[in-house]
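S.K.: With the input below, show me the fold.
(chains A and B)
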There are 2 protein chains.
Amino acid sequence: MARKNAFYAQSGGVTAVINASACGVIETARKNKSVINKLYAGRDGIIGALTEDLIDTNRESARAVAALRFTPGGAFGSCRYKLKGLEENKAQYERLIEVFKAHDIGYFFYNGGGDSMDTAHKVSQIGKKLGYPVTCVGVPKTVDNDLPITDVCPGFGSVAKYVAVSTMEAALDVRSMARTSTKVFVLEVMGRHAGWIAGAAGLAGEKSGDAPHIILFPEITFDEKAFLDRVRQCVDKYDYCVVVVSEGVRRPDGRFLAEADTKDSFGHAQLGGAAQVIAQLTKEKLGFKYHYAIADYLQRSARHIASKLDVDQAYAMGKAAVELAVRGNNAVMPVIVRHSDKPYRWGVGVAKLSRVANREKMMPRSFISKNGFSITAAARRYLAPLIKGEDYPNYRNGLPRYVTLKNEAVPKKLKEPFKI
Amino acid sequence: MARKNAFYAQSGGVTAVINASACGVIETARKNKSVINKLYAGRDGIIGALTEDLIDTNRESARAVAALRFTPGGAFGSCRYKLKGLEENKAQYERLIEVFKAHDIGYFFYNGGGDSMDTAHKVSQIGKKLGYPVTCVGVPKTVDNDLPITDVCPGFGSVAKYVAVSTMEAALDVRSMARTSTKVFVLEVMGRHAGWIAGAAGLAGEKSGDAPHIILFPEITFDEKAFLDRVRQCVDKYDYCVVVVSEGVRRPDGRFLAEADTKDSFGHAQLGGAAQVIAQLTKEKLGFKYHYAIADYLQRSARHIASKLDVDQAYAMGKAAVELAVRGNNAVMPVIVRHSDKPYRWGVGVAKLSRVANREKMMPRSFISKNGFSITAAARRYLAPLIKGEDYPNYRNGLPRYVTLKNEAVPKKLKEPFKI
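M.R.: Numbering: from 1, shown residues only, chains lettered A, B, ... in the order given. Below is the predicted model of the structure:
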């Protein structure tokens, strides 16, 4: 392979382990100096490439890079900025290639979900077309676990662990209080279309009667009567009821349980507040005292309770992406391949970006119990290994020692600025 | 001292470490068999005494008792049930003494906050009056940290650590996303009247510009204009703004930011939703995209990220309570005495229940910055040691191994039931 510089960017919602992937990319690039000269990162994701705002990762010490493995959030900044179709938005793709050319960038590593894999795929096409071929390799990441082909998406296992642990802990709390106080506790978790995160809460319950007693999945239309019947049954039987609700649950008319009027730049409705709707419903219709929690960003940034497997896989995906590129693979994404459930054995495979882009993987119906309120044994077999192992960050003065990089800018070479 | 049985009960909202106090009580009672014969626990707190629903803690193995140190929630159940004044509610106090007499209980250990210390104090008075003196010793507990005299209340340090760590982690997330997405992140924490928990979030920020950028304390009346000005300044300067809001913040007219219409059995208004009010305000008035999280029970049950100091102190208070009783002290509560800030040195002291009962300790105004939005150096000196040290539970299959006790009932001796 010709020796070229490389470009890495983080895309979309960040996770507790996306920096572990960055760490894998950087450390592996540094081991392949004969192929990859300098590794640049985009400040705030792909916007950094469009605006020629590149970060020189070579200015970061080996120690700082190693600390990325333990640091949540996106160390270089991320963005919600989707490049549209090649025809309708040619100028943006041409600009990308122009910046890559100016900085002798021949490798593009894009760390994100389905939308980002679509972008990476298009960049590989346009580069060839414009006579400046770029080797494009995706690095999978979504807390929603909705990428196809890969066994799991890095980022998901840690959210799953956070949600399962938090559900277990809060359940012990409400169980203690139920006699005279809170009967219903509702935890709202992420997952716009796919119920993977809500389903992971099911791991907190190990035997009959354990919380969570009800999981509300986005895959199952909300049935108010069935839900309230089940809440009442649980309170009758166990004296309390723990409900985990996905932000993406919809009413029979298709509206989200709590639909705010904001939309993000991908055109998705901004959600939040489903827990409150559910909690107030149980109060109003059944008279139960409630409490509710909304985990929001806490769940996806909780590096302090990350899954060790997830961290290892996130790192492995970053490493594999660079190795694939170095070996001449283009328009691909490394994936996690499951060899066995118990013990969980896994390896690294590869998928074409064309097969990954813009495809959402839903929870199979066979993972949700018949009544729609819990997970099945099959789901448990799939999910259980993903939260295994603890991988604590170091602490100083009682707080995790997370790293903030220097993020020094690479001098610009182009005359024209670019408006986002 | 005459050899008698003892009664232990957990009261009010539970914490991540109240069971560590229970562990201290039980293990120390077992070491003092010559004075304390059997140790009973109240099922669901003081209600267990009133209804003669006692749990025989002697049926629990040493191993199960040791595991209490690592298990959140209230292992015997707690309750929100306040015994009123001696005159207006004589029957309840008489019933307590009747149950104690029937089961040869001469020691009463009550693990709770100010209301519970008041009850313990009254029981010590009524027992004497009715000719059945009971040695009453409180065990301090509140996440709100609002008990007087003691340097800190067991339960608070772990919430403080959870809130500081979560604020730090979520801030890294929103900082990564701010360019194109979320500008304002709001975390709602507990603290009805005292801002200790909200203040602890301030520990997440170690240098100027670090999150949290704004803390809203219950001690400071909400000033919408000053708040919005500060949000705008932060977004201008840092590109994002992290706000921590206490559930107890009030508007100039005295209403809580988000006041629900439910009241608990102590007559306190049920709160929740302040984060949403604050977040929507920044959207409406400043146009910023927001996210908000409500930690609710997660914060006080998060044993997985408990403060080691807090666990140690919770245990020490349980141990000291039994030792005080065994040495003949009555109507007292052990307290934590701070000898120095840095290094933090502490010991165990003792306070009279009459001096603890029904007195709330507020954050001193000197702990809140002049503009009312952050903590001072003095607050930092006080708070910093309290979150120190990690004390991880054991894990199996990726989840903490929390213990559930057998909680076997002691056979009833009284003929009359008692209506709660």
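
S.K.: can you list the weak-confidence ranges in the stretch 51-200 of chain A?
M.R.: Residue ranges of the stretch 51-200 of chain A with pLDDT under 70: none are present.

S.K.: quick one: A:I375 from A:I368, how far?
M.R.: With distances taken as C-beta to C-beta, to the nearest Å, A:I375 is found 7 Å from A:I368. Every residue, glycine included, has its C-beta placed from N, CA and C.

S.K.: Spit out the residues that contact these two alike.
M.R.: In terms of C-beta atoms under 8 Å, 6 or more residues apart in numbering or on different chains, A:I375 and A:I368 are both contacted by the residues A:G199.

S.K.: May I have the secondary structure class of A:E416?
M.R.: coil (DSSP: H, G, I helix; E, B strand; the rest coil).

S.K.: and it, how many neighbours?
M.R.: Close neighbours of A:E416, defined as other C-beta atoms under 10 Å in any protein chain shown, add up to 8.

S.K.: domains of chain A?
M.R.: Structural domains assigned to chain A are A:4-142+A:304-359+A:389-400, A:156-303, following automatic domain parsing.

S.K.: Is it possible to get TSV of those that adds mean neighbour count and distance to chain B?
M.R.: Converted to TSV, the domains of chain A look like this (neighbours: other C-beta atoms under 10 Å in any protein chain shown; distance: least, C-beta to the nearest C-beta, whole Å):
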stretch	mean neighbour count	distance to chain B
domain A:4-142+A:304-359+A:389-400	22	3
domain A:156-303	22	3
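
S.K.: following the strand or helix carrying A:F100, which helix or strand shows up next?
M.R.: For A:F100, the host element (DSSP states H and E) is helix A:90-102. Counting by DSSP H and E, the next helix or strand C-terminal to helix A:90-102 is strand A:105-112.

S.K.: what's that next one packed up against?
M.R.: strand A:4-10, helix A:18-30, helix A:90-102, helix A:114-129, strand A:135-140, helix A:308-326 (3 or more C-beta pairs under 8 Å, 6 or more residues apart in numbering or on different chains; DSSP states H and E).

S.K.: try it again with 6 Å
M.R.: strand A:4-10, helix A:114-129, strand A:135-140 (3 or more C-beta pairs under 6 Å, 6 or more residues apart in numbering or on different chains; DSSP states H and E).

S.K.: Distance to B:A120 for those - can I get that in TSV?
M.R.: Shown next, in TSV, are the helices and strands packed on strand A:105-112 (distance: least, C-beta to C-beta, whole Å):
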stretch	distance to B:A120
strand A:4-10	55
helix A:114-129	59
strand A:135-140	57
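
S.K.: Confirm A:G85 sits in a strand?
M.R.: No - assigned with three-state DSSP, A:G85 falls outside any strand and is coil.

S.K.: So what does it look like in phi/psi?
M.R.: phi -60, psi 150 (degrees, to the nearest 10).

S.K.: For it, give me its contacts.
M.R.: By C-beta atoms under 6 Å, 6 or more residues apart in numbering or on different chains, no residues touch A:G85.

S.K.: out of the domains of chain A, nearest to B:Y110?
M.R.: domain A:156-303 (15.5 Å; C-beta to C-beta).

S.K.: What segments of the stretch 251-400 of chain A are helices?
M.R.: A:274-286, A:296-301, A:308-326, A:353-356, A:377-383 (DSSP state H, counting those that start in this stretch).

S.K.: could you dump those helices to TSV with mean pLDDT?
M.R.: Output for the helices of the stretch 251-400 of chain A, formatted as TSV (pLDDT from 0 to 100):
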stretch	mean pLDDT
helix A:274-286	93
helix A:296-301	98
helix A:308-326	98
helix A:353-356	95
helix A:377-383	98
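
S.K.: Present these as TSV; the columns should include distance to A:T57.
M.R.: TSV is the format used below for the helices of the stretch 251-400 of chain A (distance: least, C-beta to C-beta, whole Å):
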stretch	distance to A:T57
helix A:274-286	39
helix A:296-301	22
helix A:308-326	12
helix A:353-356	23
helix A:377-383	34
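
S.K.: measure A:E60 to A:R401 for me?
M.R.: 16 Å.

S.K.: and if you look at A:R43?
M.R.: 23 Å.

S.K.: Name the residues that touch stretch A:374-382?
M.R.: So stretch A:374-382 is contacted by A:199, A:202, A:215, A:341, A:366-367, A:369 (C-beta under 6 Å, 6+ apart).
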